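Chemist: just to be clear, the model below is a prediction. Sequence and coordinates:
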Protein chains: 2
Amino acid sequence: MKWESELHCRKRWFLTLLSALTILFSALDTRAGAASAAANDPLPSWNNTGPKQAIISFVEKVTKEGASDFIPVGERIATFDNDGTLWAEQPIYFQLRFALDRVKALAPQHPEWKDKSPFNKLLSTSREQMVAVNEHELMEIIIVAHSGITTDEFEQIVKDWLAKAKHPKTGRRYTEMVYQPMLELLTYMRANGFKTFIVSGGGVEFMRVFAEEVYGVPREQVLGSQGKLKFEVRDGKPVLIKLPEVQFVDDKEGKPVGIQTFIGRRPVAAFGNSDGDLQMLQWTTAGTGPRFGLIVHHTDAEREWAYDRQSQVGTLDKALDAAPVNHWVVVSMKDDWKYIFPFESK
Amino acid sequence: MKWESELHCRKRWFLTLLSALTILFSALDTRAGAASAAANDPLPSWNNTGPKQAIISFVEKVTKEGASDFIPVGERIATFDNDGTLWAEQPIYFQLRFALDRVKALAPQHPEWKDKSPFNKLLSTSREQMVAVNEHELMEIIIVAHSGITTDEFEQIVKDWLAKAKHPKTGRRYTEMVYQPMLELLTYMRANGFKTFIVSGGGVEFMRVFAEEVYGVPREQVLGSQGKLKFEVRDGKPVLIKLPEVQFVDDKEGKPVGIQTFIGRRPVAAFGNSDGDLQMLQWTTAGTGPRFGLIVHHTDAEREWAYDRQSQVGTLDKALDAAPVNHWVVVSMKDDWKYIFPFESK
């Protein structure tokens, strides 16, 4: 009996162990299943066309340990333009709209602006004149309009504006006018060990206010154009004052320069939408080993805007010609994106 | 019997489960024990004096979730000066030695340097004249001596020099002349969720060559003085050329400016050793919430060097006076450090 009891116990014990293991494995399986389902479609707002396949194929090949195309985590640097690549830029750069509102608010204190370019362009009621401000002039406006205030004060002004201002066409907040497929792409790349940076012609102190919340990109990974700053001790308190001088323009040739200066490492992937991104794409994809370049082509007049070679804002001409030669992926927003804005996909 | 057998089985099953849990918990306990032993002395090269206690007390209070002094991970920015804070700077800045070797190598191609300051100082055989080069002049030398070459070529020159050059006093490679207690501090802070940055008056492209390997600080977390760069396409290949012009001097007032421009966030902790770090310490510790400032005071003539107010290299005068007023911790290398260099502690 003892032996029988012992056997019975062993059998019971074995069955208990087995069922415990079954529960454990099925729990693991469920988690693995969920993870693999998500991994199966990390880019749900992208149609299953060439660009999506190219992105996934690149990410999979460079993250496969032991493979010849493997890139170590520390070297997985991906740079993204902002205006027209991560959020919309029509009918005018959002930061230009911010500057316009700011210049209008400050105009009574600056009667000299009425006859002084580029301020008169912003103060003019004519839409054509208003739009005819290039990115260099935009920087001048931003910098002059905000000189003399501290970096902390500037941050608060941007926050207040973003909380109130609405896009003239959609009526949405500007931070809602971001591209859902690009948000997914940022998340997907980060999940695969990429460090994502914004490299934009826009003002760095403007973008840093919302980049972390909206894109998940921390302040120290945002590069942009800069005004000069001055360190001062005011009433015993150290402050940084914005000066009316340009320190650095992070556009065109400035993008690879900014990347080298701030990041110190050539990216392995770069994403842009205009000729302002041409040199960043060239610099990135001319590196040795696997590289990835992508251009967002605005082709959807219905859901967003359709523009390229002739557009004043976000001109895409030289970079569009350079794309096939350099094997850059060109995304047609109309054909390759299932949804454009986050508010659509709900 | 069936009932008895059932009870026996349950008891057996219970004991089996208990012993399995015991093994599991003791395994977990061993791991936790090992971790807590390491956590008990994260700074073994520091004597158990005030500075070590202050560091640990700060880190523990700001990482305690729910506590009033808690700092979220993304805001745990710590900035470290390099020369005299992370590695030695006597008898001359190591980068100045690099520039000297470089200028000597290039001198035959530049006969005009013989009569031109600051190059003549470097080419002079007199030690006094050679040392009388300030950090601005050092930048000028570095920048001019390396202008016209690409950033890739410069990196190779630095690598080659670091692999061969030896310190005149210790005969060690310059990358061995780093402070063991500071290496432990960097590791300790990172283990507690801090992002560690180098913020130095030295040339950014020089430091980035070794910062990751030696300090565990990736290139994109190294800030320093910069020469202007130019993007060019040479023989169909994009390159970045070093120009003979200063873009930014990351010293004194330049340090908070550099921090705001590159990181975009005020650090919560800053570490320096000279008046060149005064403004970075002021800017850091003037922020709201818990802040930490520390000065490495070179007090050990035997194991390292002893210098402060009157020193030409690494002058520590105003910042030493400002320390008690601002509650900055002052480390006496002689009294507070058990070991100074990694080669000692072996």
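Modeler: Received it, and whenever you're ready, just let me know what you need.

Chemist: what about the strands in the stretch 201-346 of chain A?
Modeler: All strands of the stretch 201-346 of chain A, identified by DSSP state E, counting those that start in this stretch, fall at A:222-234, A:237-248, A:269-272, A:292-297, A:329-332.

Chemist: most neighbours per residue, which of those strands?
Modeler: strand A:269-272 (a mean of 29; mean count of other CB atoms under 10 Å in any protein chain shown). Using the backbone N, CA and C atoms, a C-beta is placed for each residue, glycine as well.

Chemist: related to what we said a few turns ago, mind putting the strands of the stretch 201-346 of chain A into JSON lines with mean pLDDT?
Modeler: Converted to JSON lines, the strands of the stretch 201-346 of chain A look like this (pLDDT from 0 to 100):
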{"stretch": "strand A:222-234", "mean pLDDT": "95"}
{"stretch": "strand A:237-248", "mean pLDDT": "92"}
{"stretch": "strand A:269-272", "mean pLDDT": "98"}
{"stretch": "strand A:292-297", "mean pLDDT": "98"}
{"stretch": "strand A:329-332", "mean pLDDT": "98"}
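
Chemist: can you list those in TSV and add distance to chain B?
Modeler: Formatted as TSV, the strands of the stretch 201-346 of chain A follow (distance: least, CB to the nearest CB, whole Å):
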stretch	distance to chain B
strand A:222-234	4
strand A:237-248	5
strand A:269-272	12
strand A:292-297	12
strand A:329-332	19
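
Chemist: which non-adjacent residue is nearest whichever residue of the stretch 101-250 of chain A sits closest to chain B?
Modeler: Residue nearest to chain B within the stretch 101-250 of chain A (CB to the nearest CB): A:R219, separated by 3.6 Å. Of all residues not flanking A:R219 in the chain, B:G264 sits nearest, at 3.6 Å (CB to CB, 6 or more residues apart in numbering or on different chains).

Chemist: report the separation between the residue of the stretch 101-250 of chain A closest to chain B and A:Q226.
Modeler: 13 Å (CB to CB, to the nearest Å).

Chemist: likewise A:P342?
Modeler: Taking CB to CB, one finds A:P342 at 29 Å from A:Q226.

Chemist: do the same with A:L43
Modeler: 33 Å.

Chemist: could you dump the strands of the stretch 201-346 of chain A into CSV and include distance to A:P72?
Modeler: Below are these laid out as CSV (distance: least, CB to CB, whole Å):
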stretch, distance to A:P72
strand A:222-234, 22
strand A:237-248, 30
strand A:269-272, 14
strand A:292-297, 16
strand A:329-332, 23
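
Chemist: so who does the spatially closest residue to A:G276 that is not a sequence neighbour touch?
Modeler: Ranked by CB to CB, 6+ apart and with sequence neighbours excluded, the top spatial neighbour of A:G276 is A:D251, at 4.9 Å. Going by CB atoms under 8 Å, 6 or more residues apart in numbering or on different chains, A:D251 touches A:E135, A:H136, A:G201, A:S225, A:G276.

Chemist: which one of these is nearest to B:L186?
Modeler: Within the contacts of A:D251, the smallest distance to B:L186 is 32.0 Å, found for A:S225 (CB to CB).

Chemist: ok, which stretches of the stretch 151-300 of chain A are helices?
Modeler: Secondary structure of the stretch 151-300 of chain A (DSSP state H, counting those that start in this stretch): helices located at A:151-164, A:180-191, A:204-207, A:211-215, A:254-262, A:278-285.

Chemist: distance check, the residue nearest to A:G276 against chain B.
Modeler: According to CB to the nearest CB, to the nearest Å, A:D251 and chain B sit 11 Å apart.

Chemist: which positions in the stretch 51-200 of chain A make contact with chain B?
Modeler: Contact residues (CB under 8 Å from any CB of the partner chain) of the stretch 51-200 of chain A with chain B: A:G74, A:I77, A:T151, A:K195.

Chemist: beta-bridge partners for the last one, please?
Modeler: With DSSP bridges as the criterion, the beta-bridge partners of A:K195 are A:I77.

Chemist: that one: neighbour count?
Modeler: Around A:K195 sit 21 other residues, with neighbours defined as other CB atoms under 10 Å in any protein chain shown.

Chemist: again with A:A88
Modeler: Neighbours of A:A88 under the rule other CB under 10 Å: 25.

Chemist: report the contact partners of the closest residue to it other than its chain neighbours.
Modeler: Counting by CB to CB, 6+ apart, A:A88 lies nearest to A:M177, which is 4.5 Å off, once chain neighbours are set aside. The neighbours of A:M177, taking CB under 8 Å, 6+ apart as the test, are A:W87, A:A88, A:F94, A:H167, A:T170, A:F341.

Chemist: quick check on those: which are buried?
Modeler: Among those, those scoring as buried are A:W87, A:A88, A:F94, A:H167, A:F341 (criterion: 16 or more other CB atoms under 10 Å in any protein chain shown).

Chemist: and the least confident of these?
Modeler: Among the buried ones among the contacts of A:M177, A:F94 carries the weakest pLDDT, at 92.

Chemist: state the distance from that one to A:G227.
Modeler: Taken as CB to CB, the span from A:F94 to A:G227 is 18 Å.

Chemist: just give the nearest non-adjacent residue to A:P168, would you?
Modeler: With sequence-adjacent residues excluded and distances taken as CB to CB, 6+ apart, A:P168 is closest to A:P91, at 7.0 Å.

Chemist: who's in contact with A:I198?
Modeler: A:79-82, A:86, A:207, A:211, A:215, A:217, A:221-224.

Chemist: which residues does the closest residue to A:E253 other than its chain neighbours bridge with?
Modeler: Residue nearest to A:E253 in three dimensions, not counting chain neighbours: B:F231, with 4.0 Å by CB to CB, 6+ apart. For B:F231, the beta-bridge partners are B:L240 (DSSP bridges).

Chemist: contact partners of stretch A:319-333?
Modeler: A:50-51, A:54-55, A:272, A:274-275, A:277-278, A:281-282, A:285, A:292-300, A:303-304, A:308-309, A:337, A:340.

Chemist: my guess is A:D300 meets A:K338, correct?
Modeler: No. In this structure, A:D300 is not within contact of A:K338 by CB atoms under 8 Å, at 11.6 Å.

Chemist: roughly how far apart are the residue nearest to A:G276 and A:W283?
Modeler: To A:W283, A:D251 is 14 Å away according to CB to CB.

Chemist: likewise A:G171?
Modeler: 39 Å.

Chemist: give me the number of residues near A:M333?
Modeler: 20.

Chemist: just A:Q156 next, same as before
Modeler: 12.

Chemist: so what pLDDT did it get?
Modeler: pLDDT at A:Q156 comes out at 96.

Chemist: picking that back up, which residues does the residue of the stretch 101-250 of chain A closest to chain B contact?
Modeler: Counted by CB under 8 Å, 6+ apart, A:R219 has contacts A:R208, A:A211, A:E212, B:I263, B:G264, B:R265.

Chemist: ok, now which ones touch the residue lying closest to A:A165 once chain neighbours are set aside?
Modeler: Spatial nearest neighbour of A:A165, excluding adjacent residues (CB to CB, 6+ apart): A:Y174 at 6.1 Å. With contacts defined as CB under 8 Å, 6+ apart, A:Y174 is in contact with A:W87, A:F94, A:R97, A:L162, A:A165, A:K166, A:H167.
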